[in-house]
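Provided below are the primary sequence and the corresponding predicted coordinates.
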Amino acid sequence: MRILDLIILCLVAEFGFGQVKSVDYKMQYNCETDAYVVSLVILEGSATSEQERVQFNSQISLVVPTGNIVEITDLYMPLESNQNYNSLIPMKWNVTNPVISPEAQPESDFYSVLPSITPLSYYNDIDEGDEIKLFSFIAGESKMYDERVRFFDNGIDPPSHAPGMFGGNFTNGFTLGSGIQIYNGHVEEFCLTNIEEELSHIFHVYPNPFANHLTLELPSTTKKIEIIASNGKVFFEEEIDSSNPIIIDTHDFPSGVYFARMHSSNEIVIQKVVK
């Protein structure tokens, strides 16, 4: 065996390689606390050893309507010095300096949230399918859900070289147990209620991404449908008295992020789509 091979094997044994292979970020608005909860969804893999559970460099980037200040309100996971599962102190997630109303997207402010790397922080054992709360935040003083508060969309929102971004790279990324990138994507949801969870299973919007049309499959309790751009402009709005699927002509919709908002007799459910 070559010396280089031996060195690589020793590094693997010493530092380990994270066994979690893929994760999503998840944002949920808590209707009781008026805060947005950010969680980590484990799509593939697990982590049980000390090396596999340690938090590495990551970035969770948020987009909010311009003028709204992001403030962390609660910390959950990981836990400082938790290699032996005996810590109760959550790691601090830090909000960095934002880019405010850049020329490339003046209706938005961009925030990055980064983990504190020292002291080392560890998750408890992780299994595939777990959903781990990381932190909660508020955006401005609004006491209601705003669909414009969302995660940064890699490859869609302005890159670092876009006008007014001043070199700021807000690309989402996550590493756990090693330097290997495991971020897959993200989802956003409305209120943390059982009603919303039930409705979300029967409110479908496709295709996503879309081009010239959108099809909406609706629950029987639907009262109104809206299609809203990330800047708040309403592109489609209609009162509904039927649960039949609706096909919307989107030929004239500009490229970007949209929110399909379904109003029922009990709740509002939002699905994000991209053109």
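Done, it's in. Numbers count the residues shown, from 1 in each chain.

what's near enough to touch residue 133?
Listed by CB atoms under 8 Å, 6 or more residues apart in numbering, the contact set of residue 133 reads 37, 38, 39, 76, 77. C-beta here means a position set from N, CA and C on the backbone, and glycine is covered the same way.

low-confidence ranges in this structure?
Along the chain, the model assigns pLDDT under 70 to residues 1-18, 189-202, 242-243, 265-268.

hmm, try it at 90
1-19, 28-34, 97, 140-148, 186-206, 208, 217-224, 228-234, 239-245, 256-274 (pLDDT under 90).

Any chance of the contacts of residue 133 in TSV with secondary structure and distance to residue 240 as columns?
Listed next are the contacts of residue 133 as TSV, based on DSSP: H, G, I helix; E, B strand; the rest coil; distance: CB to CB, whole Å:
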residue	secondary structure	distance to residue 240
37	strand	30
38	strand	32
39	strand	31
76	coil	38
77	coil	40
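
can you list those residues in JSON lines and add neighbour count?
Below are the contacts of residue 133 laid out as JSON lines (neighbours: other CB atoms under 10 Å):
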{"residue": "37", "neighbour count": "20"}
{"residue": "38", "neighbour count": "22"}
{"residue": "39", "neighbour count": "20"}
{"residue": "76", "neighbour count": "16"}
{"residue": "77", "neighbour count": "20"}
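
now, which of the residues you listed sits nearest residue 65?
Distance ranking of the contacts of residue 133 against residue 65, using CB to CB, places residue 38 first at 17.8 Å.

got the residue ranges for the helices in this structure?
Assigned by DSSP state H, the helices in the chain fall at 3-15, 194-200.

ok now do the residue nearest to residue 64 when sequence neighbours are not counted, which residues does it touch?
Once flanking residues are discounted, residue 64 sits nearest to residue 139: 4.4 Å by CB to CB, 6 or more residues apart in numbering. Neighbouring residues of residue 139 by CB under 8 Å, 6+ apart: 36, 62, 64, 65, 68, 69, 70, 71, 146, 149.

Scan these and report the most crowded one.
Most neighbours among the contacts of residue 139, by other CB atoms under 10 Å: residue 62, with 26 neighbours.

residues near the nearest residue to residue 126 once chain neighbours are set aside, how many?
Leaving aside its sequence neighbours, residue 126 sits nearest to residue 47 (CB to CB, 6+ apart; 4.2 Å). By other CB under 10 Å, the residues close to residue 47 number 23.

Residue 47: what's it in contact with?
18, 19, 20, 53, 123, 125, 126, 176, 177.

ok, so what distance separates the last one from residue 43?
To tie it back to what came earlier, the one meant is residue 177. 15 Å (CB to CB, to the nearest Å).

These two: which is more packed in?
Comparing residue 177 with residue 43 by other CB under 10 Å, the one with more neighbours is residue 177, at 25 against 16.

Quick check: that one touching residue 20?
Yes. The pair residue 177 / residue 20 is scored as a contact, 6.8 Å apart, by CB atoms under 8 Å.

on that earlier part again, so which of the contacts of residue 47 are in strands?
Members of the contacts of residue 47 lying in strands (criterion: DSSP state E): residue 20.

In TSV: the contacts of residue 47, plus distance to residue 96.
Listed next are these as TSV, based on distance: CB to CB, whole Å:
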residue	distance to residue 96
18	24
19	29
20	25
53	25
123	22
125	30
126	26
176	20
177	24
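
and of the contacts of residue 133, the nearest to residue 100?
Looking across the contacts of residue 133 and measuring by CB to CB, the closest to residue 100 is residue 38, at 21.2 Å.

For that closest one, name its beta-bridge partners.
residue 27, residue 135 (DSSP bridges).

Alright, calling it a day.
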